[in-house]
Structures are given as structure tokens and as C-alpha cells.
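*Asks:* dropping a prediction and its sequence here:
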Amino acid sequence: MAKLHLITYGCQMNEYDSERVAGLLKRDQYELCDRPEDADVILLNTCAIREKAEDKVFSQLGALKGLKKTRPDLVIGVMGCMAQLQQGRIQERAPYVDLVFGSPAIARVGELVARVRRGERQVLDTAEGALVKIIAKPEGVSRLKAFVTVMEGCEKHCTFCVVPVTRGRERSHPPAVVIDEIRGLAAAGCREVTLLGQTVNAYGRDLDPPLDLAALLEQVNEVDGIDRIRFTTSNPYNLTSRLIRAIRDVPKVVEYLHLPVQSGSDRMLERMHRGYTTQRYLELIDELKSTVPDIALSTDIIVGFPGETDADFADTVDVVERVAYDNAFVFRYSRRPGTPAADMADQVPDAVKAERNAALLAVTTRTAAARSQRLAGRVVPVLVDGASRKDPREASGRTRCNRVVNFEGHGRALIGSVVPVRITDVLPHSLRGALTETDDAARVECDGVAGAAE
Ligand code: SAM
């Protein structure tokens, strides 16, 4: 069998795509290998969201150049968002790259690699393609948790973002196709699925008949074997009361929402073309907190967007303090080719971005730590997924709100089960707990009825 080495950068959707590529190439007799030195084909699945992500790919390509020199038959390919954004420029800068293809061409990966192996050089395929659901997976991939892409593309056109360029227009996979995939995953032992879409809460508008994410969640809830359902990423603009109620009412949907705010300044939100104001965002947060008590919230924030003043930044800090996120991802604004914000005149100096980044991280770390304290002493349901990284004798798993919990498993084979754990210590990056008996009180909290405990 020929050998394939895959290097994946970026978001969960890329992880999902890489798995499909490995699955498709397995049909053409390629098996995965861990070391680039052993590979016949090396594919880099790339991210273009920030310049830094692209730099990493070019430096990895530089590292592979020597290998290609000693083994000219080695096929090096670049796929994913950067391929779509940079197109021919990748092969200009790294002429030893044989193949460049975007995500719409994933279904054709076997044919593209075969063309290169037949001697064609500098193969490029960044054309839009029909929406196809690829469910091929490499062997041995049977896991407790899986990503499931439910829609591709984005039509929000935020002025900072390349996604509409790299992933095209919004297209949803029909519910029957999604459910089929999830049934297959459950049959292979999967207990938790994360439904993926760039604006996942816009799911289904393009289907005939249309439906919404809440309806899809209800259908996924019916799949036997699945215990937990997550979904990401939601956009505040499309967040409906119906979806908020679904988080409360659909039992397997966890009490957790990632809701990128991007900025706490209305002026910035308008320039970003986000389609909501700070007041509207905070109203949504209030509705989430009152409908789903104890919901955990996380967010994305960009600092140093063009024109951001100290006062705008102070507004962002204010929103972070008010929402008290469980987790926040802070990004320094990165100029992306082809996006409107890249051409805005009032770009913020790097040093200011770095300062605001550090200042905001200090706030988000403090608020997140304070939020974690509410878990101390509670009994929470933990889906056990392996051994603790620090101490392999201990069991490790995640709460419904995705916090890592390590605990003494007393030698029991717990992997794959959901067990009640009392939280004894709240640490900066994880929780420690003790396995409890499933008495009635614990069970109520564990089922999320009385507690939605995390
Ligand atoms: N589609 C989602 C949305 O609009 O909320 C998020 C997708 S993006 C992969 C993840 C995060 O990267 C965004 O929420 C944003 O905070 C950040 N991001 C996107 N473009 C950026 C840029 N040009 N510079 C810095 N951060 C950026």
C-alpha cells in the first residue's frame, strides 16, 4: 500500500475534511503514516483565517523542500482554505508543490493525486463543485466524539473574514444525509457529535423545504447511542429564541454556546458588518441565561480592528466583564487579501494590537476562572474518553460544557460511559473530581434536569 501523510491546520472543519481525504484515498490503496519521510504523498490541509496560519504552512513547505529534492517522486499537495485564497501563488512561491486544491475539490482527491503520479505537474483545482457529503473515513477511526459538517460556506461577508472567499456560498446538507452519517458514527461507537458550519445557526434556509437548526437538533436527538450534541459556530445575527429553547429542551443538546461577539463597540461592529449592536448581543445573552440557567458561554474577539480606539477597546472589555464568559478566544486583527477591512485606511499598529491582546487576555482569564468556581462541589456527568494526560492511572473525561475532569477511576473500564463525578478542585485548565454513586440526587443533576450542572 502507498503511504499518505496528512498535516492539518486550523478549525474543526479542516480536521473533518482531512479525515474524509484519508478515507477517500484509502479506497485508492493509501494508508496513513506518521512521518513525512515515509510518505509517497504529503498533503497539507491549510487555514487562511489569519496571516500567521499561512506563514506556518509556508515554513512547513520549506521544511519539506529537501525531502522532495532527494525523492522527486514524492507528491506534495496543498489543500483547503489557503489553496482557495492563494491559488497559483502557492506554486509560484513553492514551485515544488505538485498539487493545489480547494475544499470543493475534496471529492476528486483520488483523481487529482493520480494525475500528479502520472507525471502531470502543478495541478490546480479550485473550482466550485456540487455539494457532496463524503462519509469515507480511514480505518481505525472509531471514536467517542466526532465532527459532522452540516453546512458549507458563509454568506455573512464580515469585512475582516476570508471564509466567503475560501469556502464559497452557504449550502446545507439535507437532514436525512446528516442523520445517516450520525447513525453510522453511533453504530461505530460514537457518543458525542459536534455539528459544524461557519454559521451553523443559519442551517437549512437553503433547503427545500427549508428547516432550521432547532429542527435538525431534534432529529439528531433521536439517534440511539448518541449522548451529547454540540454545534458550532453560531452567529448572533441568526440566533433565534427557538434555538435558545432547543438548547434547553432537547435533552442531548449540551448547555454550552460559542457566540462570537468580535467587539463590544457598536462602531466597530458596524465597520465589521456584523449585523448586530452590543445592546442586541447583550439581550441575547440575557435571554440565553434566563432560558438555560447555568449555560456556559464562549466567544471570539478581535482586537486592533482598523479604526479601533482606546474607547472602543474599553467597550469590549466592558462586554467581557458583563457576560462573564467561560472561555474566550482573542485574536489580533490580521489583514486578509481581498477583504474590505484590509483596505481600510486606519490600520492599528502591531504594538497596540499586542497590548490590547494581553490586556484582554488578563480579563478573560480572570472572568473564566471566577466562572469555574461555581462547579466546585457539584456532581456533574462526565463522558469518559481516556486516561489523564498527567497520570495515566487516572480517568479523564469532559463535562457537558466541555471542561476536562480528571478523577480516580478505581481501575474500572469507564471509557465511553457517562459517570457522575463530584468536582473537588477547580484548577486553571482542568477540574479534579471523585466518582460518586448514582444515587437519585446525583442522577437528577447528571441528567441536566435540575442542574445542567456545569
Ligand atoms: N464564522 C464564524 C463567525 O463569523 O463567527 C467564525 C469563523 S473564524 C474561523 C474564527 C474566528 O477567527 C472569528 O470568529 C474571528 O474572531 C477570527 N478571525 C476571522 N478573521 C480574522 C482576521 N482577519 N483577523 C483576526 N481574527 C480573525
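*Replies:* Cool, got the structure.
*Asks:* rest of the way, CA atoms for contacts and neighbours
*Replies:* OK.
*Asks:* where exactly do the helices run in the stretch 301-450 of the chain?
*Replies:* In the stretch 301-450 of the chain, the helices defined using DSSP state H, counting those that start in this stretch lie at 310-323, 350-372, 440-446.
*Asks:* averaged pLDDT, the shortest one. What do you get?
*Replies:* To tie it back to what came earlier, the one meant is helix 440-446. Predicted confidence along helix 440-446 averages 40 (mean pLDDT).
*Asks:* get me the contact residues on the chain for the ligand.
*Replies:* Residues of the chain lying close to the ligand by Cα under 6 Å from any ligand atom are 49-50, 160-161, 198-199, 233, 235, 260, 262, 300-302, 331-336.
*Asks:* which among the residues you listed count as buried?
*Replies:* Using 16 or more other Cα atoms under 10 Å as the burial test, the residues of the chain next to the ligand include 49-50, 160-161, 198-199, 233, 235, 260, 262, 301-302, 331-336 as buried.
*Asks:* lowest average confidence across the helices of the stretch 301-450 of the chain, which one?
*Replies:* Set side by side, the helices of the stretch 301-450 of the chain show their lowest mean pLDDT on helix 440-446, which sits at a mean of 40.
*Asks:* right, and the helix or strand after the helix or strand containing R115?
*Replies:* Using DSSP states H and E, the element containing R115 is helix 109-117. Note on helix 109-117: by DSSP H and E, the next helix or strand toward the C-terminus is strand 123-125.
*Asks:* what does that next one rub up against?
*Replies:* 87-88, 98-102, 105, 112, 115-116 (Cα atoms under 8 Å, 6 or more residues apart in numbering).
*Asks:* and the helix or strand following that strand, what does it pack against?
*Replies:* The first helix or strand that comes after strand 123-125 along the chain, using DSSP H and E, is strand 145-149. For strand 145-149, the packing partners by 3 or more Cα pairs under 8 Å, 6 or more residues apart in numbering; DSSP states H and E come out as helix 12-27, helix 175-187, strand 192-196.
*Asks:* turn the ones you listed into a markdown table, including mean pLDDT and distance to I135.
*Replies:* Putting these into a markdown table (pLDDT from 0 to 100; distance: least, Cα to Cα, whole Å) gives the following:
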| stretch | mean pLDDT | distance to I135 |
| --- | --- | --- |
| helix 12-27 | 94 | 6 |
| helix 175-187 | 96 | 7 |
| strand 192-196 | 97 | 14 |
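*Asks:* deepest-packed of the ones you listed, please.
*Replies:* Burial among these, expressed as mean neighbours by mean count of other Cα atoms under 10 Å, is greatest for strand 192-196, which shows a mean of 22.
*Asks:* contacting residues around that one?
*Replies:* With Cα under 8 Å, 6+ apart, strand 192-196 has contacts from 12-13, 144-151, 182, 226-233.
*Asks:* could you do stretch 31-40 as well?
*Replies:* Identification of contacts with stretch 31-40 by Cα under 8 Å, 6+ apart yields 1-6, 22, 25, 42, 67, 73-75, 138.
*Asks:* by contact count, what packs against the helix holding R115?
*Replies:* Secondary structure elements in contact with helix 109-117, counted by 3+ Cα pairs under 8 Å, 6+ apart, are helix 12-27, strand 75-80, strand 99-101, strand 123-125.
*Asks:* in JSON lines: those, plus distance to A370.
*Replies:* Shown next, in JSON lines, are the helices and strands packed on helix 109-117 (distance: least, Cα to Cα, whole Å):
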{"stretch": "helix 12-27", "distance to A370": "28"}
{"stretch": "strand 75-80", "distance to A370": "38"}
{"stretch": "strand 99-101", "distance to A370": "45"}
{"stretch": "strand 123-125", "distance to A370": "49"}
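*Asks:* H173: which of those is closest?
*Replies:* When the helices and strands packed on helix 109-117 are ranked by proximity to H173, the top entry is helix 12-27, at 14.3 Å, counting by Cα to Cα.
*Asks:* which residues does the closest residue to T399 other than its chain neighbours contact?
*Replies:* Of all residues beyond its chain neighbours, the one nearest T399 is V382 (4.8 Å), with distances taken as Cα to Cα, 6 or more residues apart in numbering. The neighbourhood of V382, defined by Cα under 8 Å, 6+ apart, consists of 397-400, 405, 418-421.
*Asks:* rewinding a little: drop anything exposed from the contacts of strand 192-196.
*Replies:* Members of the contacts of strand 192-196 that pass the buried threshold by neighbour count (16+ other Cα under 10 Å) are listed as 12-13, 144-151, 182, 226-233.
*Asks:* need the contacts of V382 in JSON lines (columns: distance to T277, pLDDT and neighbour count).
*Replies:* Output for those, formatted as JSON lines (distance: Cα to Cα, whole Å; pLDDT from 0 to 100; neighbours: other Cα atoms under 10 Å):
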{"residue": "G397", "distance to T277": "37", "pLDDT": "95", "neighbour count": "26"}
{"residue": "R398", "distance to T277": "34", "pLDDT": "95", "neighbour count": "19"}
{"residue": "T399", "distance to T277": "32", "pLDDT": "96", "neighbour count": "22"}
{"residue": "R400", "distance to T277": "30", "pLDDT": "96", "neighbour count": "27"}
{"residue": "V405", "distance to T277": "36", "pLDDT": "96", "neighbour count": "27"}
{"residue": "V418", "distance to T277": "40", "pLDDT": "94", "neighbour count": "19"}
{"residue": "V419", "distance to T277": "41", "pLDDT": "95", "neighbour count": "22"}
{"residue": "P420", "distance to T277": "40", "pLDDT": "96", "neighbour count": "25"}
{"residue": "V421", "distance to T277": "40", "pLDDT": "97", "neighbour count": "26"}
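*Asks:* good, we can wrap up now.
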